[in-house]
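K.L.:
Have a look at this prediction, sequence included:
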Amino acid sequence: MRKLASIQRIKKLEPIEGADAIEKAYVLGWQLVVKKDEFQPGDLCIYCEIDSLMPPKPEFEFLRPRGMRIKTARLRGQISQGIAFPLSFLPAGFEVAEGADCTDALGITKYEPPMPACLNGVAKGTFPGFIPKTDETRVQVLQDVLDKYLGETCYITEKLDGSSTTYFLNNGEFGVCSRNLELLEDAENSMWKVARELDIENKLRSLNGNFALQGELIGEGIQGNKMKLKGQHIRFFNVFDIDHSAYLDFDRFTAMMNFLELPTVPVLSTGYVLENDIEELVRKATIKSTIHKDAWAEGIVIRPVKERIELYNNHFVHNRVTFKAINPEFLLKYGE
Ligand code: ATP
Ligand code: MN
Ligand code: MN
């Protein structure tokens with residue numbers, strides 16, 4: 001679960017050229033602008049990530065013009081992500097500890113973009129328990145993971161700004177799911193339409209076993225169609241083997257997509273040697289989309305080509321690592 005607000009340390013502070021009232025702070029892997037002299041290096045603060053929806057309390061009213069939402073901003077040429085508040089904003093009795101989650105204690109919720117009409121459907125049920133929901137963690141909170149996996153050969157895909165879609169076949173039953181729900185078949189629903197166009201059900205039936213295909217639906221009517229596509233399309237990023245409860249690794253995923261003649265998300269690199277440098281990864285994510293050269297890409301998704309296998313208590317454990325770096329220019333341009 002993403003911690004929208006947590007107790008974090010101000011790692012360092014730096015002056016901003018030409019600005020005397022503000023300075024630049026580093027918290028986790030994030031950079032943000034703070035009022036000068038409000039914090040000292042090493043201080044603890046309440047750090048609220050972008051997408052935090054603040055409650056209607058006087059101390060947060062300055063966010064009213066932005067719909068109470070914390071967004072990516074650019075101040076004096078500095079990209080600023082998130083806001084640091086003093087610990088005095090915590091409710092009485094909150095136990096201060098570095099890393100502690102204070103999202104609920106402060107009444108903060110998450111901003112979620114509205115669901116487009118073409119993706120509305122009638123729920124058949126909740127998302128099936130035998131398939132993981134799609135998700136990617138932001139690199140800014142993963143310094144530990146970078147330290148551990150540094151040097152690992154990774155592949156990088158373009159992160160597409162659409163809507164998460166899962167198709168599965170399980171014991172003879174074909175299913176279509178949005179991010180959080182399984183949907184009844186419906187000719188008006190884009191996820192079902194695309195499934196029929198691409199003959200996904202029969203393709204899944206041609207396989208030996210139960211599998212889920214997970215991808216991003218993009219195009220007209222979805223997330224403002226920033227890549228200016230005609231119609232609607234899906235690009236896949238995961239194949240999950242339901243019988244073994246495991247994702248296919250990159251080579252198997254690619255082989256399966258080729259066999260099924262289904263398109264993957266754009267693969268930008270297959271030989272990236274992971275660096276433990278968050279700023280560099282955010283720079284790598286600051287690119288134009290390979291699907292439309294005039295649009296900013298939403299970012300990148302990075303995964304080791306091979307899963308690292310470790311032995312814990314005499315059991316092999318597959319450590320699946322996958323994370324995203326979001327393009328700050330994308331957030332500034334399309335953050336509405
Ligand atoms: P957050 O958890 O940061 O609040 P979120 O959970 O709403 O945000 P996104 O920022 O959309 O999620 O990032 C995760 C989603 O990105 C996945 O669920 C998937 O639908 C989508 N996605 C798009 N392109 C890719 C890709 N290339 N690889 C993996 N996932 C991708
Ligand atoms: Mn998420
Ligand atoms: Mn998304």
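P.N.:
Right, received. Where do you want to start? Ligands and ions are numbered 1, 2, ... in the order given.

K.L.:
Residue numbers of the stretch 151-300 of the chain in contact with ligand 1?
P.N.:
The stretch 151-300 of the chain comes close to ligand 1 at residues 157-160, 164, 216, 237, 265, as judged by Cβ under 6 Å from any ligand atom. C-beta here means a position set from N, CA and C on the backbone, and glycine is covered the same way.

K.L.:
Max pairwise distance over those: which two?
P.N.:
Within those, two members stand farthest from each other by Cβ to Cβ: Glu158 and Ser164, at 15.2 Å.

K.L.:
buried ones in stretch 304-313?
P.N.:
Across stretch 304-313, burial judged by 16 or more other Cβ atoms under 10 Å covers 304, 307.

K.L.:
I meant stretch 177-194, not that one.
P.N.:
Of all the residues in stretch 177-194, those buried under the rule 16+ other Cβ under 10 Å are 177-178, 182-183, 189-194.

K.L.:
same check, this time on stretch 226-240
P.N.:
Using 16+ other Cβ under 10 Å as the test for burial, stretch 226-240 gives 226-227, 232-240.

K.L.:
could these be laid out in a markdown table, adding secondary structure and pLDDT?
P.N.:
Below are those laid out as a markdown table (DSSP: H, G, I helix; E, B strand; the rest coil; pLDDT from 0 to 100):
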| residue | secondary structure | pLDDT |
| --- | --- | --- |
| Lys226 | coil | 96 |
| Met227 | coil | 95 |
| Gln232 | strand | 97 |
| His233 | strand | 97 |
| Ile234 | strand | 98 |
| Arg235 | strand | 98 |
| Phe236 | strand | 99 |
| Phe237 | strand | 98 |
| Asn238 | strand | 98 |
| Val239 | strand | 98 |
| Phe240 | strand | 98 |
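
K.L.:
Need phi/psi at the residue lying closest to Glu329 once chain neighbours are set aside.
P.N.:
Setting aside the residues directly before and after it, Glu329 is nearest to Trp296 in space (Cβ to Cβ, 6 or more residues apart in numbering), at 5.1 Å. Trp296 adopts backbone torsions of phi -70, psi 140, taken as degrees, to the nearest 10.

K.L.:
Could you double-check that Trp296 lies in contact with Phe330?
P.N.:
Yes. Assessed by Cβ atoms under 8 Å, Trp296 is found in contact with Phe330 at 4.2 Å.

K.L.:
any weak-confidence spans in this structure?
P.N.:
Applying pLDDT under 70 to the chain flags the ranges 336.

K.L.:
Over to Leu207. Which of the three states is it?
P.N.:
The three-state assignment at Leu207 reads coil, by DSSP: H, G, I helix; E, B strand; the rest coil.

K.L.:
Tell me what the closest residue in space to it that isn't next to it in sequence is bridged to.
P.N.:
Distance criterion Cβ to Cβ, 6+ apart; nearest residue to Leu207, sequence neighbours excluded, is Leu169 at 7.5 Å. Beta-bridge partners for Leu169, by DSSP bridges, are Phe174, Phe211.

K.L.:
Now do Leu169: how many residues are near it, please.
P.N.:
Residues near Leu169, counting by other Cβ atoms under 10 Å, number 22.

K.L.:
cool, Asp37 as well?
P.N.:
Other residues near Asp37 come to 9 when the count uses other Cβ under 10 Å.

K.L.:
Thanks a lot, catch you later.
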